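Student: Mind folding the following:
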Amino acid sequence: MSTGLLLDSSKGCQGIVDTGTFLLTVPELYMGDFLEAVGAQQNNQENMADCSNVQNVPTITFIINGSQFPLPLCAYVFNFCMAEVEITYLPFQNRRPLWILGDVLLKEYYSVYDMAINRTGFAPSA
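Tutor: The predicted model follows:
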């Protein structure tokens, strides 16, 4: 099961790949929808998932330049059923919502950074 489109670079969202960010950060504009889609609720600044219903927690799919990057439940819900997401702390750039794809994504995908042509590549990690 998939939540559908959460980040699609062709729809005007921006994302930063950051090895120094442990979590996935979500623009405040989308946090409520994100938590609802994954069956989590905010409780005392923590995003708690319903682990009694894990079979229905969706795989989240990010679409970056037309390529799909699914994140299974185990990539973003752990530590006693907490969804490892927080609100993006950086302002929108060029009026486009900004996501920070931290270790939650990077532990699932090998990344290559080509600074000569300002490009990042991803491949499934082993």
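Student: Could you use CA atoms for every contact and neighbour count after this?
Tutor: Will do.
Student: For the longest helix seen in the chain, report the contacting residues that lie outside it.
Tutor: In the chain, taking DSSP state H as the definition, the longest helix is helix 28-37. Helix 28-37 is contacted from outside by Thr3, Leu6, Gln41, Gln42, Asn47, Pro58, Glu86, Ile87, Thr88, Pro97, using CA atoms under 8 Å, 6 or more residues apart in numbering.
Student: With secondary structure, distance to Tyr30 and pLDDT added, can I get those residues in CSV?
Tutor: Shown next, in CSV, are the contacts of helix 28-37 (DSSP: H, G, I helix; E, B strand; the rest coil; distance: CA to CA, whole Å; pLDDT from 0 to 100):
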residue, secondary structure, distance to Tyr30, pLDDT
Thr3, strand, 13, 47
Leu6, strand, 9, 55
Gln41, strand, 14, 85
Gln42, strand, 14, 84
Asn47, strand, 14, 86
Pro58, coil, 16, 77
Glu86, strand, 11, 90
Ile87, strand, 9, 90
Thr88, coil, 10, 89
Pro97, coil, 9, 82
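Student: Can you flag the buried ones in those residues?
Tutor: Among the contacts of helix 28-37, those scoring as buried are Leu6, Gln41, Asn47, Pro58, Glu86, Ile87, Thr88, Pro97 (criterion: 16 or more other CA atoms under 10 Å).
Student: Of these, which is the nearest to Val77?
Tutor: Sorting these by how near they are to Val77, with CA to CA, puts Asn47 at the top with 9.3 Å.
Student: Just list the residues touching the closest one, thanks.
Tutor: Counting by CA under 8 Å, 6+ apart, Asn47 has contacts Leu35, Ala40, Gln41, Met82, Ala83, Glu84, Val85.
Student: Excluding covalently adjacent residues, which one is nearest to the most centrally placed residue in the chain?
Tutor: With distances taken as CA atoms, centre = their mean, the chain has Leu24 as the residue nearest its mean C-alpha position (4.6 Å). In space, and not counting its chain neighbours, Leu24 is closest to Val85: 4.8 Å by CA to CA, 6 or more residues apart in numbering.
Student: circling back to that earlier point, quick one: which of the contacts of Asn47 is most hemmed in?
Tutor: Neighbour counts for the contacts of Asn47, by other CA atoms under 10 Å, peak at Ala83, which reaches 26 neighbours.
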